[in-house]
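[1] need a structure here:
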Amino acid sequence: MSNVWRYRDATWSDDKDLVGYDVVATDGSVGAIDEATTEADTAYVVVDTGSWISGKKRMIPAGLVTEVDHDAKTVAVTVSKDQVRAAPDYEEFADDSRKEYSDYYGPFAW
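    As a prediction, the model looks like this:
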């Protein structure tokens, strides 16, 4: 089984800052990356949804990233806009939220 917290291609985040990249769900843009991590087995991006979901932020585990285009500054993910909308709210510094996100996003990974 795959690790939902690991990029499918480790080179996507090598020496690249993904902050500011547009995040594209299977059915359109969901916002821009506000924060991105690259730590082994704990990588994720935080998407600032802007006014689309009343300024909410959503964490998306790196395993849901299917493509990174550094030239276009976009990151594609395996989930739909509705799935991002229904995801738990991102709470900075909430260490226990990783299990909640694993439970929610796990079936959508790889």
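
[2] alpha carbons only for contacts and neighbour counts from here, please
    Will do.

[3] which residues does Asp41 contact?
    When contacts are counted by C-alpha atoms under 8 Å, 6 or more residues apart in numbering, Asp41 touches 3-6.

[4] Arrange those in CSV, one row each, with pLDDT as further columns.
    Below are the contacts of Asp41 laid out as CSV (pLDDT from 0 to 100):
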residue, pLDDT
Asn3, 81
Val4, 86
Trp5, 87
Arg6, 88
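
[5] List the buried residues for the longest strand seen in the chain?
    Taking DSSP state E as the criterion, the chain has its longest strand at strand 28-36. Judged by neighbour count using 16 or more other C-alpha atoms under 10 Å, the buried positions of strand 28-36 are 29-36.

[6] pLDDT and distance to Ala43 for those - can I get that in JSON lines?
    Converted to JSON lines, the buried residues of strand 28-36 look like this (pLDDT from 0 to 100; distance: C-alpha to C-alpha, whole Å):
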{"residue": "Ser29", "pLDDT": "95", "distance to Ala43": "21"}
{"residue": "Val30", "pLDDT": "95", "distance to Ala43": "19"}
{"residue": "Gly31", "pLDDT": "95", "distance to Ala43": "18"}
{"residue": "Ala32", "pLDDT": "96", "distance to Ala43": "17"}
{"residue": "Ile33", "pLDDT": "96", "distance to Ala43": "13"}
{"residue": "Asp34", "pLDDT": "94", "distance to Ala43": "14"}
{"residue": "Glu35", "pLDDT": "93", "distance to Ala43": "11"}
{"residue": "Ala36", "pLDDT": "93", "distance to Ala43": "7"}
